[in-house]
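Participant: Here's my sequence, what's the structure:
(one chain, ligands or ions: 2)
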Amino acid sequence: MPQAQARAVLPVVLLGCGGVGRHLLRHIVSCRSLHANQGVAIRVVGVADSSSLLVADDVRASGLDDALLNDLCSAKSAGSPLSSLLARGHCQVFNKPEAMGKVIDAATMLGRTTGLVIVDCSATYDTVGVLKDAVDHGCCVVLANKKPLTCAYEDFKKLTSHFRQIRFESTVGAGLPVIASVTRIIASGDPVSRIVGSLSGTLGYVMSELEDGNFFSEVVKTAKALGYTEPDPRDDLSGMDVARKALILARLLGQQISMENINVESLYPSELGPEVMSTTDFLESGLAKLDETIEEKVKAASLRGNVLRYVCVIGKTGCQVGLQEVPKDSALGRLRGSDNVVEIYSRCYESSPLVIQGAGAGNDTTAAGVLADIIDLQDLFQARP
Ligand SMILES: NC(=O)C1=CN([C@@H]2O[C@H](COP(=O)(O)OP(=O)(O)OC[C@H]3O[C@@H](n4cnc5c(N)ncnc54)[C@H](OP(=O)(O)O)[C@@H]3O)[C@@H](O)[C@H]2O)C=CC1
Ligand SMILES: N[C@@H](CC=O)C(=O)O
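Facilitator: Ligands and ions are numbered 1, 2, ... in the order given. Predicted structure coming up:
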């Protein structure tokens, strides 16, 4: 009789099933045979959104089946709650506030036995407590959500305390290998002196569309429709999303800094901020108020042979993120669409920096980055026949 091939089984609880989370679930299902050939299997035991957790009946024995995961994606896309899937059987639904307690129960049960990966594809600070508990229970953590790594420095330290058990590649550059490259350079004892780049898919897309004569208000809405923006695009336009990426990189370089230490330039005034108007109102009426000013800046830069780019600079002594005029024919100036470019300078890469460039946003690319991070943890999971 042929021997069944031993496979590393990775149980996963997914927090957040919006654009990125749903693409991740679809990638997991469509990669089944690829992963089986590689001797690895992902078992999704639970999926949470902002109000509930859908969890397999017995997380030790089995996960949510693929048909259910596909239906979950369809249900969430159609705006139905996770509880609409209860009739499928073999699963339970827990609502807030009980839901997060149930995630911790799964972490306690599986963390030090089969192992468990908590994957955060939400866009909230609310997951930090669960993630820290999960780390305490020996679980692995994979993040697309930048917020847990950009709140208190102690939380960053805690979450990254077992560095082999956390992956957060998609927090910077979506699917691009930025964190992995910086980590490798640091590990080789080569001191990184500076990181410079355009790290926002949204702002990259917006700036290059403006060059083509399109209206700011229109291209921001298109960026949202394409899945490039944060749930509230003001997170991108305020520079905060880029600042979070800068903070993650700076902390990775060993800098004990916080958001307050980063100079951030916002593209909208405070009277259009979240405290004053809803996201819908901002998109429907607020954004258009910015069209004229931004157009003037684009035209003025063009007269000087330049284009506008939202640039992030992380140095030894400080970080800043903001709008810069750069020559049209420069690495930054040539960027198009949602591409990111990151230049890493170190002793070995001083006169010729390590450059990473490519698609820097989008649900598909980001989910692919998250999936690669999960698979990268396979050596920490037992192979079972
Ligand atoms: N799109 C991109 O290009 C990239 C995105 N990212 C990051 O990926 C993350 C997800 O982005 P995206 O999918 O676009 O965001 P969405 O707004 O589409 O999805 C967010 C999901 O998180 C859920 N959620 C909210 N609060 C909680 C909570 N407390 N516990 C569990 N789930 C919760 C939401 O629930 P509900 O469905 O009920 O609203 C929703 O399902 C963000 O952090 C973003 O910064 C990173 C790199 C690139
Ligand atoms: N909103 C972000 C998504 C990735 O982090 C961006 O535009 O870069």
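
Participant: Flag the shaky bits of this protein, pLDDT-wise.
Facilitator: In the predicted model, the chain carries pLDDT under 70 at residues 1-4, 385.

Participant: For it, which residues are neighbours of ligand 2?
Facilitator: 174, 200-202, 228-230, 236, 241, 360-361 (CB under 6 Å from any ligand atom). Heads up, the C-betas are built off the backbone N, CA and C, glycines and all.

Participant: any chance of those in a markdown table, plus neighbour count?
Facilitator: Listed next are the residues of the chain next to ligand 2 as a markdown table, based on neighbours: other CB atoms under 10 Å:
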| residue | neighbour count |
| --- | --- |
| A174 | 28 |
| S200 | 30 |
| G201 | 27 |
| T202 | 26 |
| Y228 | 29 |
| T229 | 26 |
| E230 | 20 |
| D236 | 25 |
| D241 | 26 |
| G360 | 32 |
| A361 | 28 |
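
Participant: now those as a markdown table including secondary structure?
Facilitator: Supplementary listing: the residues of the chain next to ligand 2 in a markdown table, determined by DSSP: H, G, I helix; E, B strand; the rest coil:
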| residue | secondary structure |
| --- | --- |
| A174 | coil |
| S200 | coil |
| G201 | helix |
| T202 | helix |
| Y228 | coil |
| T229 | coil |
| E230 | coil |
| D236 | helix |
| D241 | helix |
| G360 | coil |
| A361 | coil |
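
Participant: Columns distance to A78 on top of those, output as TSV?
Facilitator: Below are the residues of the chain next to ligand 2 laid out as TSV (distance: CB to CB, whole Å):
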residue	distance to A78
A174	26
S200	30
G201	26
T202	26
Y228	23
T229	22
E230	22
D236	26
D241	28
G360	29
A361	24
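
Participant: show me the contacts for F216.
Facilitator: Contact analysis of F216 by CB atoms under 8 Å, 6 or more residues apart in numbering lists 206, 210, 287, 290-291, 294-295.

Participant: Of those residues, which is the most crowded?
Facilitator: V206 (27 neighbours; other CB atoms under 10 Å).

Participant: So that one, which state does it fall into?
Facilitator: Strictly by three-state DSSP, V206 counts as helix.

Participant: give the contact list for it.
Facilitator: 216, 219-220, 223.

Participant: and if you look at L272?
Facilitator: 234, 282, 286-287, 289-290.

Participant: Tell me where this protein has helices.
Facilitator: For the chain, applying DSSP state H gives helices covering 19-30, 32-37, 66-77, 98-111, 128-136, 153-159, 178-187, 201-211, 216-225, 234-237, 240-252, 279-281, 291-303, 363-375.

Participant: Tabulate those in TSV, adding columns for distance to S352.
Facilitator: Shown next, in TSV, are these (distance: least, CB to CB, whole Å):
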stretch	distance to S352
helix 19-30	34
helix 32-37	36
helix 66-77	44
helix 98-111	44
helix 128-136	38
helix 153-159	31
helix 178-187	14
helix 201-211	23
helix 216-225	32
helix 234-237	31
helix 240-252	20
helix 279-281	43
helix 291-303	28
helix 363-375	26
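
Participant: any chance of those in CSV, with distance to ligand 1 too?
Facilitator: Shown next, in CSV, are these (distance: least, CB to the nearest ligand atom, whole Å):
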stretch, distance to ligand 1
helix 19-30, 3
helix 32-37, 22
helix 66-77, 6
helix 98-111, 7
helix 128-136, 8
helix 153-159, 15
helix 178-187, 11
helix 201-211, 6
helix 216-225, 10
helix 234-237, 8
helix 240-252, 7
helix 279-281, 11
helix 291-303, 22
helix 363-375, 4
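
Participant: my read: K146 touches D241, true?
Facilitator: Yes: with contact defined as CB atoms under 8 Å, K146 reaches D241; the gap is 7.3 Å.

Participant: For ligand 1, what is the nearest residue in this structure?
Facilitator: Here the chain gets closest to ligand 1 at one residue, G18, 1.8 Å apart by CB to the nearest ligand atom.

Participant: what's the distance between that residue and T365?
Facilitator: Computed as CB to CB, to the nearest Å, the G18 to T365 distance reads 15 Å.

Participant: Counting neighbours, go ahead and name the busier of the two.
Facilitator: T365 (23 against 17).

Participant: Quick check: that one vs A288, distance?
Facilitator: Distance, T365 to A288, using CB to CB: 29 Å.

Participant: again, but for F163
Facilitator: Distance from F163 to A288, by CB to CB: 46 Å.

Participant: Looking at these two, which has the bigger crowd around it?
Facilitator: Neighbours per residue (other CB under 10 Å) separate F163 from A288, with A288 holding more: 14 against 10.

Participant: Cross-check the contact I'm expecting between the more buried one and V220.
Facilitator: No: contact criterion CB under 8 Å: A288 and V220 do not qualify, at 10.0 Å.

Participant: check contacts around G63.
Facilitator: By CB under 8 Å, 6+ apart, the contact set of G63 is 11-12, 43-45, 56.

Participant: I'd like those laid out as JSON lines, including neighbour count and distance to T317.
Facilitator: Shown next, in JSON lines, are the contacts of G63 (neighbours: other CB atoms under 10 Å; distance: CB to CB, whole Å):
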{"residue": "P11", "neighbour count": "27", "distance to T317": "44"}
{"residue": "V12", "neighbour count": "23", "distance to T317": "40"}
{"residue": "R43", "neighbour count": "18", "distance to T317": "46"}
{"residue": "V44", "neighbour count": "26", "distance to T317": "44"}
{"residue": "V45", "neighbour count": "26", "distance to T317": "45"}
{"residue": "A56", "neighbour count": "23", "distance to T317": "50"}
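
Participant: Pull the most distant pair out of those residues.
Facilitator: Maximum pairwise distance in the contacts of G63, criterion CB to CB, is 11.0 Å, between V12 and A56.
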